[in-house]
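Student: Task: produce atomic coordinates for the following.
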Amino acid sequence: MSEKDFELYERVLKQDRKALELLYERYEKLLFSFAYRMTKRRELSEEIVQEVFIKLWTKPGIYDRSKGKFSSWLLTVTRNTSIDHLRRKNENTYEIEDRDALQKDEPTIEEQVEWKEDGRRLRKAMKILGDEQREIVDLFYFKGLSQSKIADKFQIPLGTVKGRLRLALKHLRKNLESTGQGRDHL
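Tutor: Residues are numbered from 1 along each chain as shown. A predicted model of the protein is given here:
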C-alpha cells in the first residue's frame, strides 16, 4: 500500500469521512470495472462498489497491511462481494472447494487480483493462449465460475479443465518472464 493509501486508511479508521471520499475517488472506477466484468450488470456493480466502501467504513480494522497491498485487498473484497451477490441471485455460482483444489503452483487470490491491477499486461499475455484456454481462464478467474461449471459448459471432464488452467498459467508465466515481468506478476 502506498503511504498515501495507508494514511487515508488510518484516517478512515478514525471515522474521517474526507479520507473515505478520497479512497472512493481513487478506487471507485477500478472496483466498478472489476465487479462489472464479473456480473455484467451496471446497477449490480454499482451496488457492489457501495457495499465494499460501506464495509470499509463500518468494519474498521479489517485490512491487515502485512498481508498485501491495499488495492489488492480492495479488489479481493470486491470479488468476494460480487460472488456473494451472484450466489444470492443463483447466477454463476462459485464453489469454494474447486478453488481450494488448485495445486500450490497456481496463483492465489492475491495473485489473481494483481492481474486485474495490470489488466493491459495480462490481456497482452493472454493473446498467446488458444481461444478455449483463454475462455476457461476468463470464466474461472474473472467471472467466478467453478471448474465443474466450466467442465459442464465445454462438455469436457473436470480434470481436463484443471489441466488446461494449469497449462494456461504455465504459458502465461513463461510469456511474462520472457518479457521481463517475471513470476512476481503472475
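Student: what pLDDT, on average, does stretch 89-108 get?
Tutor: The average pLDDT for stretch 89-108 rounds to 49.
Student: lowest average confidence, helix or strand, in the chain?
Tutor: Taking mean pLDDT, DSSP states H and E as the measure, the chain has helix 96-100 as its least confident helix or strand, at a mean of 46.
Student: quick one: low-confidence ranges for this protein?
Tutor: 1-3, 90-123, 179-186 (pLDDT under 70).
Student: could you redo the last one with a cut-off of 90?
Tutor: 1-10, 12-16, 37-41, 55-76, 83-149, 158-186 (pLDDT under 90).
Student: tell me what the helix or strand that contains V77 is packed against?
Tutor: For V77, the host element (DSSP states H and E) is helix 70-88. Judged by 3 or more Cβ pairs under 8 Å, 6 or more residues apart in numbering; DSSP states H and E, helix 70-88 is in contact with helix 3-13, helix 17-39, helix 42-58, helix 109-117. Every C-beta, even on glycine, is put in place using the N, C-alpha and C of the backbone.
Student: For these, give me CSV that also has distance to Q133 and mean neighbour count.
Tutor: Shown next, in CSV, are the helices and strands packed on helix 70-88 (distance: least, Cβ to Cβ, whole Å; neighbours: other Cβ atoms under 10 Å):
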stretch, distance to Q133, mean neighbour count
helix 3-13, 35, 15
helix 17-39, 18, 17
helix 42-58, 27, 17
helix 109-117, 15, 18
